[in-house]
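K.L.:
sequence unknown, structure follows:
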């Protein structure tokens with residue numbers, strides 16, 4: 001679901017967001033970038049791959065909490081937080097955009113020590129099916145892996 005991309009001279013977070021059909025806040029979150037000035041030519045960043053297939057965007061409204069949003073979209077709030085690079089204690093603010101996973105998929109966020117086999121077992125699929133559903137797998141802590149759910 002993610003690719004590594006080497007920033008070229010003159011590129012900004014805005015041009016990268018446009019290029020990879022995502023939002024600046026998403027790029028900042030998945031790369032732990034706090035200021036636009038932190039990026040430079042030659043730097044490698046993680047960019048979403050086919051993000052539009054797996055997620056919708058939600059704009060935070062006044063009074064929203066991760067718990068309420070999770071209940072509204074039938075998503076565990078901790079998964080919602082992890083998918084957006086947040087901790088459960090983090091403040092969310094009006095007009096902030098977050099990713100909402102689309103239905104029909106199962107999501108897993110890797111942790112240290114995961115292998116293809118342990119993740120495949122968690123999803124109850126084969127290693128080959130896991131590879132088919134995820135073009136690039138780094139198995140670094142925090143990577144989001146996806147499984148397309150079979151229709152009942």
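P.N.:
All right, it came through fine. Predicted model only: the values in this text are computed from it and were never measured.
K.L.:
helix, strand, or coil at residue 46?
P.N.:
Counting by DSSP: H, G, I helix; E, B strand; the rest coil, the backbone at residue 46 sits in strand.
K.L.:
contacting residues for it?
P.N.:
Neighbouring residues of residue 46 by Cβ atoms under 8 Å, 6 or more residues apart in numbering: 2, 3, 4, 5, 30, 31. From N, CA and C alone the C-beta is placed, and that goes for glycine too.
K.L.:
so the third one bridges to which residues?
P.N.:
Just to be clear, that refers to residue 4. residue 46 (DSSP bridges).
K.L.:
look up how far residue 138 lies from it.
P.N.:
8 Å (Cβ to Cβ, to the nearest Å).
K.L.:
who's more crowded, the two?
P.N.:
Counted by other Cβ atoms under 10 Å, residue 4 and residue 138 do not tie: residue 138 has more neighbours, with 14 against 10.
K.L.:
so how far is residue 3 from that one?
P.N.:
Look at residue 138 and residue 3: by Cβ to Cβ, they are 10 Å apart.
K.L.:
re the thing from before, pick the one among the contacts of residue 46 closest to residue 114.
P.N.:
Using Cβ to Cβ, residue 2 is the member of those that sits closest to residue 114, with 15.2 Å.
K.L.:
tell me the contacts of that closest one?
P.N.:
Taking Cβ under 8 Å, 6+ apart as the test, what residue 2 contacts is 30, 46, 47, 48, 49, 136, 138, 143, 144.
K.L.:
number of nearby residues for residue 65?
P.N.:
12.
K.L.:
er, residue 109 actually
P.N.:
14.
K.L.:
and the closest residue to it other than its chain neighbours, what element?
P.N.:
Nearest non-adjacent residue to residue 109, counting by Cβ to Cβ, 6 or more residues apart in numbering: residue 82, 4.9 Å away. Using DSSP states H and E, the element containing residue 82 is helix 77-83.
K.L.:
state the next helix or strand along the chain beyond that helix.
P.N.:
strand 97-101.
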